[in-house]
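Chemist: need a structure here:
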Amino acid sequence: MTSTLSRRGFLTRGGIIAGGTALNGSLLLSACGGSDSPAPAIVTSDAERPKLPSGIQFGDVTGERAVIWSRSDRTAQMIVEYDTSERFTNASRIAGPTATEATDFTSRVDLSGLPAGQTVFVRVKYVDPANGRIESEAVAGQFRTMPQADGKRAIRFHWSGDQAGQGWGINTDFGGVRMYESMRKRDPDFFIHNGDTVYADGPIAAEAKAENGQIWKSIVTEEVSKVAETLKEFRGRHSYNTLDLNFRKFAAQVPQLWQWDDHEVTNNYSGAKDLTADARYKEKNVATLAERGRRAFLEYAPMRFYKQAEPQRIYRSIAYGPLLDVFVIDMRSYRGPNSTNLQSEENAASAILGSAQVDWLIAELSASKATWKVISSDMPIGLEVADGKDAKGVAMWEAVANGVSGPASGRELEMARLLKGIKAVPNVVWITTDVHYCAAHYYDPAKAHFTDFAPFWEFVAGPMNAGAFGPGKLDMTFGPTEVFAKAPPIQNSSPFAGYQFFGEVNIDPQSKAMKVELFDLNGVSQFSKTLGAAGAV
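Modeler: Model (predicted):
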C-alpha cells in the first residue's frame, strides 16, 4: 500500500516519540528523538548480534498513536522504522530506548502523529550501544490505524483469554496455540487479551495425560516448571508465550489491548489470599507475589503508560473512531477480600472495581460519543464463580455474583451502582472470558431483583489454550438469561477436545449494527447475534 500522505507531512505528524524506561523509579515513558541512519552493520560473528527472541507487538492503537513493543536478548538500543509504504520509501526512523536487564530487555516506543485509516509498516531492530555497526536482523510487521472520522470503514476485533493454563502448554505437535493463527487469518483490526495472559500458578510438564488416553506434549522452560515466585519466574511465564510461532505472527499483524486477572499472580488472589497451606510456595506473601507479577505483566504488555497519578493503571479507554469506544476495566487491583460476598452496604470489603474506577467508568461512558461502547471485563457479571468455603462452611465467591438470587449485596452493590449510573447510555455491550467456555447472556431488568438498569448483552469467550470447563450457574440478581452456551462434557478438557473459543465483533458503518460471533480454535462459528444500534439513522 502506498501512502497518500507526503513524506514531509508524515514526518511532521510523527514527531513525538516516547521510549519505555525501566519499571523502577520513574515509570513514565520518556521522550527520545530520531536520528540519521547509521552505516551498514559490520559484524564478525552472528553471536555478536542482538536478537529479538519474542518478536514484536503493537498495542493501544488510539487516535494517531500506537505502542511498538519488542525484546532484545541483551543490552541494546531499540530502533524503529515505520512508513505507510511497505517499501519503506519514506520511512521515519526512531532511536528508541536501550533495553536492559532492568526490564528483562523489553522496550517500547510510543508513536504519535500517525495517519488515520491507513496501514503502517514497521521494522524493529536492536543495535549494540557501544558499536552502532553491530545490529540485529530487523523484524517486520504491520497494523492498521483507527478509522478516519467519517466512520466509513467497518470495524472488526477479537477477544479471548486464558492462555497456557492447567498445564496445557505450547504443543508444537498440535500446531502450537492454533487460535492465534485462526484469528490472524480473519484479519481483525485489534485483539483484546481479556485476562489470564499467563498462568503463573500452573506448572507445565513435558507431558500430560489428556482425555481418551491422549498425551499432550508441551515445550517446557525452567521458569514454567514450577509456580512463579521470583521476578525471573514471572517474566519467564510471559516470555514462554512468545515462543509460539503463531503468537509471533499474530502479534506482528494485529494490535492488542491487554488486561489482567488473577493468574498473572496466583489463583483467585486478592490482598487477603492465604498461601500458608500451599506447599508449592516458599514465598507466602501475596503482596510480594502481586508486585512481581504486576511488574512482569507491565513489562511484557504492549500498553501505554500514562502521565497521571497512577501511571501503571491497567483500566483505560481506547477511542476507536466514531463507531466504537473500548473500556478496559480491572477487577483485580482494587478488590476487597474474597468472602461470602453478602455485605449489606458498599464499602472496601465489598469492592471489586473500587469506587474510583466505578466513578471513572460512569463518567467515561456518559461522555462517549461513539455509537458502541464495549466494556472489556476480566470476569463475568452474573455467573457464579466460587472460591471455596470459609471456616463456617459458607460459600465464598471470586466474581461479582454471590449465589443468592435476590436484592444486590456484596460486590453486586457496586455493580448495581454502575449499571444504574449508565442506564441512559445507549449501546453498551460487555465482553469477558475467565470461565473457560463460551456463552451469550442477556440481562433484563424485567427478570431481575435489582431493576434500575437498561437491558444489555454479555458475551463470553475463551479459553485460548487452557483447560475447558463449565457451564456455570447464573445468579438472577441482574436477571440474566443464558441464550447460548457451549462447554465440554469433561471438566479440564485439553485443547485436543476443541472447546477453545474466541469472540469476534463486526460493526457495519452503514447500518451501524454490531454482529457478535463466537468461534472455536479452528475458526468455525458457534453462535452469532446481530444487535441494532439505538439511535442509528
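Chemist: Output the below-cut-off pLDDT ranges for the stretch 351-500 of the chain.
Modeler: Across the stretch 351-500 of the chain, nothing is flagged by pLDDT under 70.
Chemist: mind running it again at 90?
Modeler: 391 (pLDDT under 90).
Chemist: That one: strands as residue ranges?
Modeler: Remark: strands assigned in the stretch 351-500 of the chain by DSSP state E, counting those that start in this stretch are 372-376, 386-389, 395-397, 428-432, 438-443, 456-460, 480-486.
Chemist: now the ones you listed in CSV, with distance to W258 and mean neighbour count?
Modeler: The way it works is simple: take the backbone N, C-alpha and C, and place the C-beta from them, glycine included. As requested, those are exported to CSV (distance: least, Cβ to Cβ, whole Å; neighbours: other Cβ atoms under 10 Å):
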stretch, distance to W258, mean neighbour count
strand 372-376, 10, 23
strand 386-389, 24, 14
strand 395-397, 25, 19
strand 428-432, 14, 22
strand 438-443, 21, 23
strand 456-460, 19, 24
strand 480-486, 26, 17
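Chemist: I'd like these as CSV, with distance to Q77 appended.
Modeler: Below are those laid out as CSV (distance: least, Cβ to Cβ, whole Å):
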stretch, distance to Q77
strand 372-376, 34
strand 386-389, 46
strand 395-397, 48
strand 428-432, 38
strand 438-443, 43
strand 456-460, 43
strand 480-486, 48
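Chemist: For burial, what's the neighbour tally of M331?
Modeler: Around M331 there are 26 other residues, counting by other Cβ atoms under 10 Å.
Chemist: Quick check, it in contact with L353.
Modeler: Yes - with contact defined as Cβ atoms under 8 Å, M331 reaches L353; the gap is 6.2 Å.
Chemist: now for the lengthiest helix in the chain, which elements pack on it?
Modeler: Using DSSP state H, we find that the single longest helix of the chain is helix 286-300. Identification of packing neighbours for helix 286-300 by 3 or more Cβ pairs under 8 Å, 6 or more residues apart in numbering; DSSP states H and E yields helix 231-241.
Chemist: following the helix it packs on, which helix or strand comes up?
Modeler: helix 245-251 (DSSP states H and E).
Chemist: mean confidence for that following helix?
Modeler: In this model, helix 245-251 carries a mean pLDDT of 98.
Chemist: quick one, what contacts V326?
Modeler: Applying Cβ atoms under 8 Å, 6 or more residues apart in numbering, we find V326 in contact with I192, L257, S317, I318, Y320, V374, S376.
Chemist: Show me the helices in the stretch 1-150 of the chain, by range?
Modeler: For the stretch 1-150 of the chain, the helices defined by DSSP state H, counting those that start in this stretch cover 7-13.
Chemist: lowest-pLDDT helix or strand in this structure?
Modeler: Within the chain, no helix or strand scores below strand 30-31, which has a mean of 30 by mean pLDDT, DSSP states H and E.
Chemist: so how many other residues sit close to S355?
Modeler: Counted with other Cβ under 10 Å, residues neighbouring S355 total 14.
Chemist: try the one 5 residues further on
Modeler: Neighbourhood size, W360 [other Cβ under 10 Å]: 18.
Chemist: Excluding residues flanking it in the chain, which one is nearest G165?
Modeler: A466 (3.1 Å; Cβ to Cβ, 6 or more residues apart in numbering).
Chemist: what's the spacing between the one you found and G202?
Modeler: 8 Å (Cβ to Cβ, to the nearest Å).
Chemist: contacting residues for Q214?
Modeler: By Cβ under 8 Å, 6+ apart, Q214 lies in contact with S494, F496.
Chemist: Residues contacting the longest helix of the chain, please?
Modeler: Outside helix 286-300, the residues that touch it by Cβ under 8 Å, 6+ apart are 23, 54, 69, 71, 103-104, 106, 197-198, 200, 228-231, 234-235, 237-239, 258, 260, 264-266, 269, 271-275, 281, 283, 305, 312, 333.
Chemist: and Q308, how many residues sit next to it?
Modeler: Q308, neighbours per other Cβ under 10 Å, totals 10.
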